[in-house]
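Asks: need a structure here:
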Amino acid sequence: MSYPFLKGHGTENDFVVLPDADGTVHGDLSEERVRALCDRRSGIGGDGVLRAVREGDGWFMDYRNADGSVSEMCGNGIRVFARYLHEREGEAFPMNIRTRAGVKVLDRSGEEFTADMGRPEVLGETEVSVMGRSWPALHVSMGNPHAVAYVDNLAEPGPLLEPPEHDDSIYPEGVNVEFVVRRGERHVAMRVHERGSGETRSCGTGACAVAVATALADDAPRGTTYRVDVPGGTLHVVWTEDDRVLMTGPALLVAEGVTDL
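Replies: Next up is the predicted model:
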């Protein structure tokens, strides 16, 4: 069976977009198909798959990690998803997008897209380890779990070829781990290992978790904007007075075609 696809990225966190308005093309998307699509040598290549399914008068973002596992949310992915809905499905901004982590509101200003990522949950201190070396981390949920750890330099953890070790009782379904350095006032940089995808060029929910953790460490007033540099670009995040996290960054559609993977 041949079916259409698009390829997009947000700060080089890249995705295969699968139009599936009535849910009949892909149905219960199999792990095998997701892995085939995301394979960078024999497939299209991506950090995950965004399946676009119409639900009533809106759209649901069915997000899968590159290994085929289901994920609650994807911050870079939802900006790509919003661009797809606007340009190919005629949806206007601002738009509501349903996810496994609830409804997210997306808006656009020029080439920048802002996602209301909802309320963060700060769930306490934990620890992560790489190759026998450990760092304290803050457990922050942005609808999906994050462990935010500060390091002296971004090379310190070494190659993130395997998931950092973590407390399985705190993260029974795995965790996204962000290693963070400070670059200046209200300015940080990060690397991320995403559960189900490995080290990626960017993570939108991770940038939000990092901004929340850093704002708490700085005792910064609500409404302070943080610049978060990722290997694939820059995101801006603000934790608002009404306890919402707003993330702004680019989103691009770069290719489309037909596949039978």
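Asks: quick check: phi and psi at Trp59.
Replies: Per-residue torsions, Trp59: phi -130, psi 150 (degrees, to the nearest 10).
Asks: what about it, distance to Leu18?
Replies: Distance of Trp59 to Leu18, given as Cβ to Cβ, to the nearest Å: 13 Å. For glycine as for every other residue, the C-beta is placed from the backbone atoms N, C-alpha and C.
Asks: which residues are in contact with both of the two?
Replies: Residues touching both Trp59 and Leu18 (Cβ atoms under 8 Å, 6 or more residues apart in numbering) are Ala52.
Asks: all strands for the stretch 151-261 of the chain, in order.
Replies: For the stretch 151-261 of the chain, applying DSSP state E, counting those that start in this stretch gives strands covering 176-184, 187-194, 198-200, 225-230, 233-239, 245-250, 252-259.
Asks: not counting its own residues, what contacts the shortest one?
Replies: Spelled out, it's strand 198-200. Strand 198-200 is contacted by residues 13, 47, 66, 159-161, 191-194 when judged by Cβ under 8 Å, 6+ apart.
Asks: any idea of the mean pLDDT in it?
Replies: What strand 198-200 shows for mean pLDDT is 96.
Asks: the nearest residue to Met95 once chain neighbours are set aside bridge partners, please.
Replies: Distance criterion Cβ to Cβ, 6 or more residues apart in numbering; nearest residue to Met95, sequence neighbours excluded, is Leu106 at 5.3 Å. Legend: beta-bridge partners of Leu106 under DSSP bridges are Met95, Ala115.
Asks: quick one: the helices in the stretch 1-150 of the chain?
Replies: For the stretch 1-150 of the chain, helices defined by DSSP state H, counting those that start in this stretch occupy the ranges 31-38, 75-89.
Asks: out of the ones you listed, which is the most enclosed?
Replies: Most buried of the helices of the stretch 1-150 of the chain, by mean neighbour count (mean count of other Cβ atoms under 10 Å): helix 75-89, with a mean of 24.
Asks: now do it and strand 252-259, the angle between them.
Replies: 70 degrees (axes from the mean of the first three to the mean of the last three Cα atoms, to 10 degrees).
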